[in-house]
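**Student:** Show me how the following folds:
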Amino acid sequence: MPEFDELRAAVLSFSEKDWVEYINRKSGIAAENSQTIPLLHDPRQSAIIEHARYRQFKHHIERVYEITAQHLGCSAVRQAMFARMMPHANIPKHRDKGPMTAKCHRVHVPVFTNQQCLFSVAEETRHMTEGNIWVIDNVGKYHSVVNAGSTERIHLIIDILA
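**Tutor:** Numbers count the residues shown, from 1 in each chain. Model (predicted):
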């Protein structure tokens, strides 16, 4: 991603308050072990809500969409957020629920990570390298994350309508 250094610098500007602002507004096993900063949200699949920081990251989201759409024939961005996982944390094996999951490609752009951070979907486990775009289609599949490293793992996560 050509603008990756700019994206990393912007993420470094987040305060601890930014990361915990939405902690009580989400639920689920992933939510219990990570913090998010929402950018775009489509709670009812009818009206997208732009959060305060969306405009700051709009260019990055659109760039990921352009690259992904070329390969997958996608139609629109429905949701976007940053997700942070602390060192020595894990998100246990689970399946995502909700109608949005079944209709979208989930795209991850690791902004900060470490070699000991591993993402598993079904029987496949891998380390997602920084600055690359990873399409994670985990509909109906169990998946989990382990950050056994000593640094945070922060991903830009975008749901793109298939």
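
**Student:** quick one, helices of this structure?
**Tutor:** 4-12, 16-20, 54-72, 99-103 (DSSP state H).

**Student:** so how many other residues sit close to the closest residue to Tyr54 other than its chain neighbours?
**Tutor:** Counting by Cβ to Cβ, 6 or more residues apart in numbering, Leu39 is the residue found nearest to Tyr54 once chain neighbours are left out, at 4.6 Å. Quick note: C-beta positions are derived from backbone N, CA and C, even for glycine. By the criterion of other Cβ atoms under 10 Å, Leu39 has 25 neighbours.

**Student:** Hmm, Leu39 is touching Ile61, no?
**Tutor:** Yes. Counting by Cβ atoms under 8 Å, Ile61 is a contact partner of Leu39 at 6.8 Å.

**Student:** residues bridging contact with those two, i.e. touching both?
**Tutor:** Both Leu39 and Ile61 are in contact with Tyr54, Ala80, where contact means Cβ atoms under 8 Å, 6 or more residues apart in numbering.

**Student:** Format the helices of the chain as JSON lines; extra columns: mean neighbour count, mean pLDDT and distance to Thr129.
**Tutor:** Formatted as JSON lines, the helices of the chain follow (neighbours: other Cβ atoms under 10 Å; pLDDT from 0 to 100; distance: least, Cβ to Cβ, whole Å):
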{"stretch": "helix 4-12", "mean neighbour count": "14", "mean pLDDT": "94", "distance to Thr129": "11"}
{"stretch": "helix 16-20", "mean neighbour count": "12", "mean pLDDT": "92", "distance to Thr129": "23"}
{"stretch": "helix 54-72", "mean neighbour count": "15", "mean pLDDT": "92", "distance to Thr129": "15"}
{"stretch": "helix 99-103", "mean neighbour count": "14", "mean pLDDT": "75", "distance to Thr129": "24"}
